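**Student:** Provided below for reference: sequence and predicted model.
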Amino acid sequence: MNYKSGSAVIALVCLVAGFRPAGVDASYKDDIGFTRLAAELGPGVPTGTNITVTQVESPIVVSTNYFVMPEPSEPAFAGKSFENRSGAPTNGSWHATEVGRNLYGANSIASSINLISVYDANHWLTNGYLHRYDTSFEPDVETNRIQNHSWVGDSSARIDIIRRLDYAIVRDGFTAVVALHNIGAFPQDLLAHSYNAIVVGKTSGEHNAGLTVFDEPGRIKPDIVAPLSGTSYSAGLISAAAALMMQTADDNPSLTNATRPECIKALLMAGATKTEFPGWDRTTARPLDDVYGAGELNVYNSYYILTGGEQPADESNTVSLTGWHYGSASGSVTSRYFFAVPPTNVMVRISAMLTWNRNIYDLPSAGFNPLASLADLSLKFYSASNFVPIMLLDESTSAVDNVEHIYQQNLQPGQYALEVAGDSATNYCLAWFGQAGTTPGIASVGLTNGQFTCSVDLTTGYDYIVEATTNLLDTNGWSVLETNTPGVSPYYYVDTDSTNVPFRFYRFTVH
């Protein structure tokens, strides 16, 4: 559908994807850690209680009729209240219905969300909310906690639209979640160019991954991926995860800062997993993978980052291996977060995510004409001793992104430090997720029917890789024999192929 107002045309394209087949909803809950979290927390697991959402939808057009609202008779929406903010026809849109099932439906991870406000995206962009074509007005005040945007489009007014959204996010403190397109050219992903929203792709990688092309080109998108069949539905799932974090923070006054949009973003991105993507990588100048962003959503990890508590930078005390902090940067202050890996342990992995918002402001003149400024922050990772950084191990120093990311594995016992620095004053959120385990130890080895066998003492619940080589001098000669996540210790391994080689060396590493 094309919507014309003034001299600009906005083309809205619905994010079309196949429906998830009935009966498989539980599998994605396993993938994102919700099943495990629910098993541990029982009735206390958060499900989005008292969190309100705004759902913005591109109309589904059939002949002269158009459909925006979720299907009112959908059983999964029993007890839900819908506010039709655009006065759209009440007939149900299949796309809005499917997004809703994953965001707040009865089988959603955020099934306790009961109040949903719905906009036609055309109306939202103009006099319904954003007021793109009336510079006399700022965007309307958003009273809901989350805005979900499972639609794409483009406009000649791209930059103004993005800045208005970023402005509203900071002013009103809501979290905006934006879906990438499943196909097509990246410029079509209008709202995906937002700095302050969370931009979402699919675990399959079938989405418009890439670099932004306007309002500072070269920023990496998506921020995070989720394992549903369409980016529209994956965005709904990320919004649901945000609701879980918000409810958890609402229920504990000491976690209040975590409800800020930059903190929700940091919590979800720091908790994201990489093991699904063997080729996942980042560089010093590129903080995220260029297809999968920070990785796949994992609400189990994010929940425990959040409940690890807010822990400020400290030059003489360590923080826990998992936690977060809403802090302030300036051009003259460096903030350090020291932590220690205990003796006999290994840091299986640490994922640290630094996020901050772009500042949008307006000069004191008639109308609202948003201008932008962005602080340039860096995140560095050091080995340390007695609260003094010793050696730089890694750094994330993108010149254009407003996220920085450190991801390290298999750290040996000792003290380490995360360091935040910036060129100008801004607030930020740093979230970190460290997992420590016992270094794998060989308990016994032997031969059974000519096959190599061994028993390994290890920490359960982590991914372990068994590798073998016939030449210890060849550092590239190791071959992966098995990847497993043992549920018991000691773990018993049998190399059924060992009868085919004269000898082998083996190693077990935690991943």
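**Tutor:** Yes, it's here. Numbering: from 1, shown residues only.

**Student:** Now do the same contact list for the residue lying closest to residue 217 once chain neighbours are set aside.
**Tutor:** Nearest residue to residue 217, sequence neighbours excluded (C-beta to C-beta, 6 or more residues apart in numbering): residue 211, at 6.4 Å. All C-beta atoms are positioned from the backbone trio N, CA, C, and that covers glycine. With contact set as C-beta atoms under 8 Å, 6 or more residues apart in numbering, residue 211 has these partners: 186, 217, 218, 219, 220, 221, 290.

**Student:** now do 7 Å
**Tutor:** 217, 218, 219, 220 (C-beta atoms under 7 Å, 6 or more residues apart in numbering).

**Student:** close enough to count as contact, the second one and residue 400?
**Tutor:** Spelled out, that is residue 218. Yes - counting by C-beta atoms under 7 Å, residue 218 does reach residue 400; the two are 5.0 Å apart.

**Student:** Of all the helix elements in this structure, which one is longest?
**Tutor:** Ranked by residue count under DSSP state H, the longest helix found in the chain is helix 231-250.

**Student:** Mind giving me the packing neighbours of that one?
**Tutor:** Counting contacts by 3 or more C-beta pairs under 7 Å, 6 or more residues apart in numbering; DSSP states H and E, helix 231-250 is packed against helix 94-103, strand 146-149, strand 175-179, strand 198-202, strand 224-226, helix 261-271, helix 299-307.

**Student:** Would you indicate which residues of the first one are buried?
**Tutor:** This points to helix 94-103. Within helix 94-103, the residues scored as buried using 16 or more other C-beta atoms under 10 Å are 95, 96, 97, 98, 99, 100, 101, 102, 103.

**Student:** and residue 89, how many neighbours?
**Tutor:** Using other C-beta atoms under 10 Å, residue 89 has 15 other residues around it.

**Student:** coming back round to it: scan the contacts of residue 211 and report the most crowded one.
**Tutor:** Of the contacts of residue 211, with other C-beta under 10 Å as the count, residue 220 tops at 24 neighbours.

**Student:** so what's that residue up against?
**Tutor:** 211, 286, 287, 288, 290, 401.

**Student:** show me the contacts for the fourth one.
**Tutor:** Going back to what we said before, that points to residue 288. Per C-beta under 7 Å, 6+ apart, neighbours of residue 288: 220, 223, 282, 294, 403, 405.

**Student:** List the backbone torsions phi and psi for residue 496.
**Tutor:** phi -70, psi -10 (degrees, to the nearest 10).

**Student:** likewise residue 494?
**Tutor:** phi -130, psi 130.

**Student:** quick one: secondary structure of the residue lying closest to it once chain neighbours are set aside?
**Tutor:** Distances taken as C-beta to C-beta, 6+ apart put residue 453 closest to residue 494, at 5.1 Å, once the chain neighbours are dropped. At residue 453 the chain is in strand, as set by DSSP: H, G, I helix; E, B strand; the rest coil.

**Student:** Need the helices and strands packed on helix 231-250 in CSV (columns: mean pLDDT).
**Tutor:** Below are these laid out as CSV (pLDDT from 0 to 100):
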stretch, mean pLDDT
helix 94-103, 96
strand 146-149, 98
strand 175-179, 97
strand 198-202, 97
strand 224-226, 98
helix 261-271, 98
helix 299-307, 98
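
**Student:** Out of those, which gets nearest to residue 352?
**Tutor:** Across these, residue 352 has its closest neighbour in helix 261-271 (6.5 Å, C-beta to C-beta).

**Student:** Next, the angle strand 175-179 makes with that closest one.
**Tutor:** In terms of direction (axes from the mean of the first three to the mean of the last three C-alpha atoms, to 10 degrees), helix 261-271 departs from strand 175-179 by 50 degrees.

**Student:** Give me the packing partners of helix 261-271, helices and strands only.
**Tutor:** Using 3+ C-beta pairs under 7 Å, 6+ apart: helix 261-271 touches helix 231-250, helix 299-307, strand 322-329, strand 345-355, strand 426-438.

**Student:** Figure out how far the second one is from the centre of its chain.
**Tutor:** Pointing back at helix 299-307 there. Its chain's C-alpha centre and that of helix 299-307 lie 12 Å apart, by C-alpha atoms, centre = their mean, to the nearest Å.

**Student:** Can you list the helices and strands that that helix packs against?
**Tutor:** helix 34-41, helix 231-250, helix 261-271, strand 322-329, strand 426-438.

**Student:** Of those, give the one that comes closest to residue 199.
**Tutor:** Shortest distance between residue 199 and the helices and strands packed on helix 299-307, using C-beta to C-beta, is found for helix 231-250: 8.8 Å.

**Student:** Output that closest one as CSV, nothing but the C-alphas.
**Tutor:** This file holds the C-alpha atoms of helix 231-250, laid out as CSV (Å, rounded to 0.1, in the frame of the first residue of the first chain):
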residue,chain,number,x,y,z
THR,A,231,11.6,-11.7,10.9
SER,A,232,8.2,-10.3,11.8
TYR,A,233,7.6,-13.1,14.2
SER,A,234,11.2,-13.1,15.5
ALA,A,235,10.8,-9.4,16.3
GLY,A,236,7.6,-10.3,18.2
LEU,A,237,9.6,-12.8,20.2
ILE,A,238,12.3,-10.3,21.0
SER,A,239,9.6,-7.9,22.2
ALA,A,240,8.3,-10.7,24.4
ALA,A,241,11.7,-11.3,25.8
ALA,A,242,12.0,-7.5,26.6
ALA,A,243,8.7,-7.8,28.5
LEU,A,244,10.2,-10.6,30.6
MET,A,245,13.1,-8.4,31.6
MET,A,246,10.9,-5.5,32.3
GLN,A,247,8.6,-7.5,34.6
THR,A,248,11.6,-8.9,36.5
ALA,A,249,13.1,-5.4,37.0
ASP,A,250,9.7,-4.0,38.0
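
**Student:** could you give the mean pLDDT of it?
**Tutor:** Confidence for helix 231-250, expressed as mean pLDDT, is 98.

**Student:** what angle do that helix and strand 175-179 make?
**Tutor:** Using the same axes, to 10 degrees: helix 231-250 against strand 175-179 is 160 degrees.

**Student:** how big is the angle separating helix 231-250 from helix 94-103?
**Tutor:** 40 degrees.

**Student:** quick check: angle from helix 231-250 to strand 198-202?
**Tutor:** 130 degrees.

**Student:** circling back: ok, which pair from the contacts of residue 288 is furthest apart?
**Tutor:** Largest pairwise distance in those, by C-beta to C-beta, is 12.7 Å, between 223 and 282.

**Student:** Which of the two has more residues huddled nearby?
**Tutor:** residue 223 (27 against 21).

**Student:** Would you confirm that the more buried one contacts residue 195?
**Tutor:** No - using C-beta under 7 Å, residue 223 is not in contact with residue 195, being 10.6 Å away.

**Student:** how far does stretch 273-288 stretch from start to finish?
**Tutor:** 12 Å (C-alpha to C-alpha, to the nearest Å).
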